[in-house]
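1. quick one: sequence plus predicted model below, questions after.
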Amino acid sequence: MQLALDRLKENFGPAVLETDNQHGNETAVIAKDKIVEVIRFLRDTEGLEFNFMMDLAGADYPEREERFEVVYHLYSLKIKKRIRLKVRVAENQLVIPTIISLYKAANWFEREAFDMYGIRFEGHPNLKRILTFDEFEGHPLRKDYPVNKRPKIPTPDPLIKV
């Protein structure tokens, strides 16, 4: 069986920036402007059919020029294989296209990455904080977020009846 990575390289060439296949764990770094197209290909291509989005997460590597990564974990129920896709984004360009049109479950995962890392998902229908309150300042999973910072937690107005 042809590896998903080989199929990606054949179909997307230079948009596949790096690949790795350690112990059968296929990983590809994808150009951010091609991520929706690549994921659609992986989901819709016969013989691949990565029809289950397991996870989408952010990662922070402050020492890199492209500091942040968005990591997608997809699974094919048909061929029983996983693939990991990574998209790297610089701190001054923290915008990546949403994949909600491909996987509805991406909605909450993208909101979490936005809340925790500040990564914006272009085209997301409701990109707002999900784990912190609206007035929260900063993004708590960034490596440069102060460990001892304690935000002021808003308290409800006692005169307002809920």
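-> Now that the structure is in, tell me what you want to look at. Residues are numbered from 1 along each chain as shown.

2. use CA for all of it now, contacts and neighbours both
-> Noted.

3. check contacts around Asn21.
-> Thr27 (CA atoms under 8 Å, 6 or more residues apart in numbering).

4. one more time with 10 Å, if that's ok
-> When contacts are counted by CA atoms under 10 Å, 6 or more residues apart in numbering, Asn21 touches 3, 5, 27-28, 83.

5. got it, and Lys149?
-> Pro140.

6. can you tell me how far it is from Asp134?
-> 17 Å (CA to CA, to the nearest Å).

7. mind checking the end-to-end distance for stretch 85-94?
-> One end of stretch 85-94 sits 17 Å from the other (CA to CA).

8. and it, how far out from the chain middle?
-> With CA atoms, centre = their mean, to the nearest Å as the basis, stretch 85-94 stands 10 Å off its chain's centre.

9. output stretch 20-32 in PDB with nothing but the alpha carbons.
-> Taking C-alpha atoms only, stretch 20-32 is exported to PDB below (Å, rounded to 0.1, in the frame of the first residue of the first chain):
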ATOM      1  CA  ASP A  20       8.700  11.900   8.500                       C
ATOM      2  CA  ASN A  21       7.700   8.300   9.000                       C
ATOM      3  CA  GLN A  22       9.000   7.000  12.300                       C
ATOM      4  CA  HIS A  23       7.600   3.600  13.200                       C
ATOM      5  CA  GLY A  24       4.700   4.000  10.800                       C
ATOM      6  CA  ASN A  25       3.700   7.400  12.300                       C
ATOM      7  CA  GLU A  26       3.400   9.600   9.200                       C
ATOM      8  CA  THR A  27       3.900  13.300   9.700                       C
ATOM      9  CA  ALA A  28       4.000  16.100   7.100                       C
ATOM     10  CA  VAL A  29       4.700  19.800   7.400                       C
ATOM     11  CA  ILE A  30       2.400  21.600   5.000                       C
ATOM     12  CA  ALA A  31       2.400  25.200   3.700                       C
ATOM     13  CA  LYS A  32      -0.300  27.100   5.500                       C
END
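
10. tell me the buried residues in that stretch?
-> In terms of neighbour count (16 or more other CA atoms under 10 Å), stretch 20-32 has its buried residues at 26-32.

11. need the helices for this protein, in chain order.
-> 4-12, 35-44, 106-117 (DSSP state H).

12. please name the nearest non-neighbouring residue to the residue nearest the centre of the chain.
-> For the chain, Val70 is the residue whose C-alpha lies nearest the centre (CA atoms, centre = their mean; 3.5 Å). The shortest distance from Val70 to any residue other than its chain neighbours is 4.6 Å, reached at Gly58 (CA to CA, 6 or more residues apart in numbering).
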